Every structure is written in structure tokens, then in C-alpha cells.
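Participant: Below: sequence and its predicted model.
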Amino acid sequence: MSDPLLVVEGLNAYYGPAHILQNVSFSVTEQAVAIIGRNGMGKSTLCAAIMGMTPPRTSGSVRFEGTELIGRASYKIAGLGIDTPGIDPGHDTDFTVQSKPAEGVLMCAWVTGCAKR
């Protein structure tokens, strides 16, 4: 088994006083992973916290290929090779695990590998 591409440990995220993500931990190796749940369960908040966009307050650890992401600006995180396709119809959403077999996929956080090309 290969080393994890992404390791999330004890991730907490807050919107104001509301504690949205509570001690989330998981790791992703080179496979597709889906985080599913009903509306309002924190899926988008998880993506935003990984990418350093929002919520404004996070704690814990998010490491991509060993590099700590918590506290980094989102454009620097994107420069490491993680993208958030989102649902903007103008954004490139024409990708699949089959079309990008060597690249890991985490729900809405897409490991692009663009920084290594």
C-alpha cells in the first residue's frame, strides 16, 4: 500500500460559534473516495476547510503529500495540486477517475497533479 496523498487528522471547522466539523480524521491514497450525506451535513465545509477557503476558523491537521495545509492561503494550496471543481457551469468539470487514473479524487477536492507537470 502506498503512502497517503492526503491525511486529515482531528479537523475542526467553525462558522462563528457553530462547531460544524468535529474531529474529522481520514486518509486518502491513490483511489477515489466519496463523502456523501444529506444537505447541511458538512461536505462542502470539509472541502472548503481542506482548501483553506472557508470557514475562517479551523484546527487540526490537513497534510497533502506531507505538507501541512492548515494556515496556508488557498492559492498556495491549489499550487500544490489540489483543486475544487465545485458546481460552477463555467468550470472544467469534464473529468472522471477513468480519464485521470493516476490522480487521486476526494469528493469535491480534486488532486490535479498540475504542480508536478
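Facilitator: Looks like it came in fine. Residues are numbered from 1 along each chain as shown.

Participant: going forward, measure contacts and count neighbours with C-alpha atoms only.
Facilitator: Noted.

Participant: At which residues are the helices of this structure located?
Facilitator: 43-51, 74-79 (DSSP state H).

Participant: low-scoring stretches of this protein, by residue?
Facilitator: The model of the chain has pLDDT under 70 over residues 1, 55, 84-117.

Participant: could you pull out the strands for it?
Facilitator: For the chain, strands defined by DSSP state E occupy the ranges 6-15, 18-28, 32-33, 57-64, 67-68, 82-83, 105-106, 109-111.

Participant: Deepest-packed of those strands, please.
Facilitator: With neighbours defined by mean count of other C-alpha atoms under 10 Å, none of these is more surrounded on average than strand 82-83, at a mean of 24.

Participant: Strand partners (parallel or antiparallel) of it?
Facilitator: Next to strand 82-83 in the sheet, as set by DSSP bridges, lie strand 109-111 (antiparallel).

Participant: if we can go back for a sec, check the helices of the chain for me and report the most buried one.
Facilitator: helix 43-51 (a mean of 21).

Participant: Minimum distance to Gly42: which of the strands of the chain has it?
Facilitator: For those, distance to Gly42 was read as C-alpha to C-alpha. The smallest value, 6.7 Å, belongs to strand 18-28.
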